[in-house]
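1. Show me how the following folds:
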Amino acid sequence: MTSILTYLAAFLLYILIGWYFWRNTTNQSPTASSTSSHVAVTWGHYAMLAPLALHAVTLYHSMFVGAGLSFGLGNAISSIVWLTAFIYWFSGFFSRLQGLQTLVAPVAAVSAIAIFLPLVFPSLRPLENTELPAFKAHLLVAMMAYSLLTIAALHALLMTVVERHLHHPATRSILTNLPPLLAMEKLLFRIIWIGFVLLTLTLLSGAVFSKEVFGQPLTFSHKTLFGFISWGVFAALLMGRQLYGWRGRIAIRWTLTGFVTLLLAYIGSKFVLEIILSR
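-> Got it, this is the predicted structure:
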């Protein structure tokens, strides 16, 4: 079993790096040296790998206990948060847009809390049929879809803050270095498109897995219902974007609605079954 010191070390590193980014983004002035700012961001970017690695170690030992896969509520949320943070961190090597490092602080803070969830909500029993290739493919694609759409939701929330800032300018400099709102909107829809494709593959792989185990492609459940509703919301958003040019507040509302519905599909069903019904 992983030592509690590993959890505490990851927690403290997440907090320290989140504080470091928050201090640099809130205290940065328009006349600050771009070189010193780039060095600070680069240092923090590489330092983020340490808590991510420790978090991955705790997840591995928490999920792979004996035979089978333990993937209860705590492990599910912690895994999604870790993968979200990892994707955001990894993407920084390829498409670093100036100012988007503002999200590092809240992502690190959420990760610091999520790392303890497997201890607070331990898995009641290992998952069944984890040895099937269809299940492994379904779980991997589902985790990627959840994580990308989580990033989309965070991005939409940041756009909401930026839009309000434009109408009610504040003296704080945390938003002054963000990309233009239109650039952020284009990035949002790129993330949603990739997440939507992965969500589609999640539903299809789930149908294949259900066919292998239960002999029918779909079993009606709370998770299935909200999964398809979430897919419909994101499909309508992307169609509205293509046909009617949806943008701004409309796009943000649909993004957050789809994300909340997706949360209800999996995390909500796990919470009801494991915490309320103890099943």
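2. Walking through the stretch 51-200 of the chain, point out its helices one by one.
-> Under the criterion DSSP state H, counting those that start in this stretch, the stretch 51-200 of the chain contains helices at 73-91, 104-114, 117-120, 133-167, 181-214.
3. Count the neighbours of the nearest residue in space to Gly92 that is not next to it in sequence for me.
-> Distance criterion C-beta to C-beta, 6 or more residues apart in numbering; nearest residue to Gly92, sequence neighbours excluded, is His45 at 5.5 Å. From N, CA and C alone the C-beta is placed, and that goes for glycine too. By other C-beta atoms under 10 Å, the residues close to His45 number 17.
4. any idea of the pLDDT on His45?
-> At His45, the pLDDT value in this model is 76.
5. ok, back up a step: how about the helices of the stretch 51-200 of the chain in CSV, adding mean neighbour count?
-> Formatted as CSV, the helices of the stretch 51-200 of the chain follow (neighbours: other C-beta atoms under 10 Å):
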stretch, mean neighbour count
helix 73-91, 21
helix 104-114, 21
helix 117-120, 17
helix 133-167, 19
helix 181-214, 18
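6. could these be laid out in TSV, adding distance to Thr261 and mean pLDDT?
-> Below are the helices of the stretch 51-200 of the chain laid out as TSV (distance: least, C-beta to C-beta, whole Å; pLDDT from 0 to 100):
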stretch	distance to Thr261	mean pLDDT
helix 73-91	15	87
helix 104-114	20	87
helix 117-120	22	89
helix 133-167	10	85
helix 181-214	11	85
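7. returning to what we had before: now do the residue nearest to Gly92 against Lys136, distance only.
-> His45 sits 31 Å away from Lys136, going by C-beta to C-beta, to the nearest Å.
8. still on that earlier bit, and the residue nearest to Gly92, which helix or strand is it part of?
-> Using DSSP states H and E, the element containing His45 is helix 34-47.
9. Might you report the residue contacts of Trp89?
-> Shown in contact with Trp89 (C-beta atoms under 8 Å, 6 or more residues apart in numbering): His45, Met48, Leu49, Leu52.
10. right, I mislabeled it, should have said Ile151
-> Contacts for Ile151 (C-beta under 8 Å, 6+ apart) come out as Thr84, Ile87, Tyr88, Ile191, Gly195.
11. Identify, from these, the entry nearest to Arg249.
-> Of all these, Arg249 sits closest to Ile191, with 17.9 Å by C-beta to C-beta.
12. so the closest one makes contact with Ala152?
-> Yes: counting by C-beta atoms under 8 Å, Ile191 does reach Ala152; the two are 4.5 Å apart.
13. got the contact list for the helix or strand Arg249 falls within?
-> Assigned by DSSP H and E, Arg249 belongs to helix 248-263. Residues from elsewhere that reach helix 248-263, judged by C-beta under 8 Å, 6+ apart: 146, 149-150, 152-153, 156-157, 159-160, 163, 185, 188-189, 192, 199, 226-227, 229-230, 233-234, 236-237, 240-241, 246.
14. let's see it at 6 Å
-> Leu149, Ala152, Ala153, Ala156, Met159, Thr160, Phe226, Ile229, Ser230, Val233, Phe234, Leu237 (C-beta atoms under 6 Å, 6 or more residues apart in numbering).
15. Could you point out the helix or strand that follows it?
-> helix 269-270.
16. avg pLDDT for that following helix?
-> 70.
17. Now find how far off-centre it is within its chain.
-> 18 Å (C-alpha atoms, centre = their mean, to the nearest Å).
18. Stretch 55-73 too?
-> 19 Å.
19. Let the chain start at 579 from now.
-> All right, first residue 579 from here; so that's stretch 633-651.
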